[in-house]
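A.B. asks: Structure of the sequence below:
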Amino acid sequence: MSTQNQIDYNRIAKAIEYIQSNFRLQPSLEEVAENIHLSPAHFQKIFTDWAGTSPKKFLQFISLEHAKNLLKEEKASLFDTAYETGLSSTSRLHDLFVKIEGMSPAEYKNGGKSLVINYSFSESPFGNIGVASTEKGICYMAFENDKESALGNLKHKFPNASFFEKQDALQKNALSIFDKDWTKLNTIKLHLKGTDFQLKVWESLLTIPMGKLSTYGTLAEKIGNPKASRAVGTAIGSNPVAFLIPCHRVIQSTGHLGGYRWGSERKQMIVGWESSQLYS
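C.D. replies: Predicted coordinates for the structure are as follows:
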């Protein structure tokens, strides 16, 4: 991420945190801008450029009330295929364009000795991101600020694979999901190491529409195992592909957003940003 983009992202995150901490006081645009050392006009511009909506509207999208309303809506439409197919192509982006293929035991045995993995680092609307791919698809994607740490995490998953720092066509296509013009997006193939249960959970995450939210219990029902919400939570926590597999759309049944492997603050930013793309 370029230095300026990173600075702007950090400023926006700080502004959201300030507004939420002082919610009862209803701080003005001027007060929020002053807190992050910007003029009101400059703050409004960088926020709108990033989110596509105003700070006030964005806060509505990340409110507890909004989350609860989305969960009610989801419960009413659970297993309603007419509802699912009636959604816009934008809200079904992940369902339509992201395809998961599980690695065979032969591919990941001996620490992935037979795998050749390309990896690269890029910027996203939510901070620096590392992405890696085999010849078949994306095998890893994570929000990472430290390249050494990111590569270490990747090598821990596939200790005996051959690694090359190179951005290939698979990675470029995957990263284009962050663009706001999805008309040129090709199918994003994921090539993942996981158990049958994990793969089933990750595939079910793709069916949660953009701008919508779900719970661990609902996902357990969707995969036909209603008592497995704890196991579903564990599988979601081990999701190896940030954003493309939208585990950020799973929240607590109370409406609280809950934790996220790459930080609860970032989860909040993603949830608000996605709603902004659809409803602003």
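A.B. asks: measure the nearest residue to Ala67 once chain neighbours are set aside to Trp262 for me?
C.D. replies: Distances taken as C-beta to C-beta, 6 or more residues apart in numbering place Gly255 nearest to Ala67, at 4.1 Å, with adjacent residues excluded. C-beta here means a position set from N, CA and C on the backbone, and glycine is covered the same way. Here Gly255 is placed at a distance of 21 Å from Trp262 (C-beta to C-beta, to the nearest Å).
A.B. asks: where does the stretch 101-250 of the chain have low pLDDT?
C.D. replies: 181 (pLDDT under 70).
A.B. asks: just the strands in it please.
C.D. replies: 116-124, 127-133, 138-143, 162-165, 188-192, 214-215, 250-251 (DSSP state E, counting those that start in this stretch).
A.B. asks: a markdown table please, covering those strands and showing distance to Glu221 and mean neighbour count.
C.D. replies: A markdown table is the format used below for the strands of the stretch 101-250 of the chain (distance: least, C-beta to C-beta, whole Å; neighbours: other C-beta atoms under 10 Å):
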| stretch | distance to Glu221 | mean neighbour count |
| --- | --- | --- |
| strand 116-124 | 32 | 18 |
| strand 127-133 | 32 | 24 |
| strand 138-143 | 27 | 23 |
| strand 162-165 | 40 | 12 |
| strand 188-192 | 23 | 22 |
| strand 214-215 | 9 | 22 |
| strand 250-251 | 13 | 23 |
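A.B. asks: residues contacting the closest residue to Glu74 other than its chain neighbours?
C.D. replies: Excluding its sequence neighbours, the residue lying closest to Glu74 (C-beta to C-beta, 6+ apart) is Ser214, at 5.8 Å. Residues near Ser214 by C-beta atoms under 8 Å, 6 or more residues apart in numbering: 71, 74, 208, 249-251.
A.B. asks: If you count contacts, what does the helix or strand hosting Ser276 end up packed against?
C.D. replies: Per DSSP states H and E, Ser276 falls inside helix 264-279. Under the contact criterion of 3 or more C-beta pairs under 8 Å, 6 or more residues apart in numbering; DSSP states H and E, helix 264-279 touches helix 3-21, helix 40-51, helix 55-61.
A.B. asks: Distance from that helix to the middle of the chain?
C.D. replies: In terms of C-alpha atoms, centre = their mean, to the nearest Å, the centre of helix 264-279 is set 9 Å apart from its chain centre.
A.B. asks: Now do that helix, average pLDDT.
C.D. replies: When pLDDT is averaged over helix 264-279, the result is 90.
A.B. asks: Export it to PDB, keeping only CA atoms.
C.D. replies: Output of helix 264-279 as PDB, limited to C-alpha atoms (Å, rounded to 0.1, in the frame of the first residue of the first chain):
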ATOM      1  CA  SER A 264     -12.200  -6.600  14.700                       C
ATOM      2  CA  GLU A 265     -11.700  -3.000  13.700                       C
ATOM      3  CA  ARG A 266     -10.900  -4.100  10.200                       C
ATOM      4  CA  LYS A 267     -14.000  -6.300  10.200                       C
ATOM      5  CA  GLN A 268     -16.100  -3.300  11.000                       C
ATOM      6  CA  MET A 269     -14.500  -1.300   8.200                       C
ATOM      7  CA  ILE A 270     -15.200  -4.100   5.700                       C
ATOM      8  CA  VAL A 271     -18.800  -4.600   6.800                       C
ATOM      9  CA  GLY A 272     -19.500  -0.800   6.500                       C
ATOM     10  CA  TRP A 273     -17.700  -0.500   3.200                       C
ATOM     11  CA  GLU A 274     -19.600  -3.300   1.600                       C
ATOM     12  CA  SER A 275     -23.000  -1.900   2.600                       C
ATOM     13  CA  SER A 276     -21.800   1.500   1.300                       C
ATOM     14  CA  GLN A 277     -21.200   0.000  -2.100                       C
ATOM     15  CA  LEU A 278     -24.800  -1.300  -2.300                       C
ATOM     16  CA  TYR A 279     -26.900   1.200  -0.500                       C
END
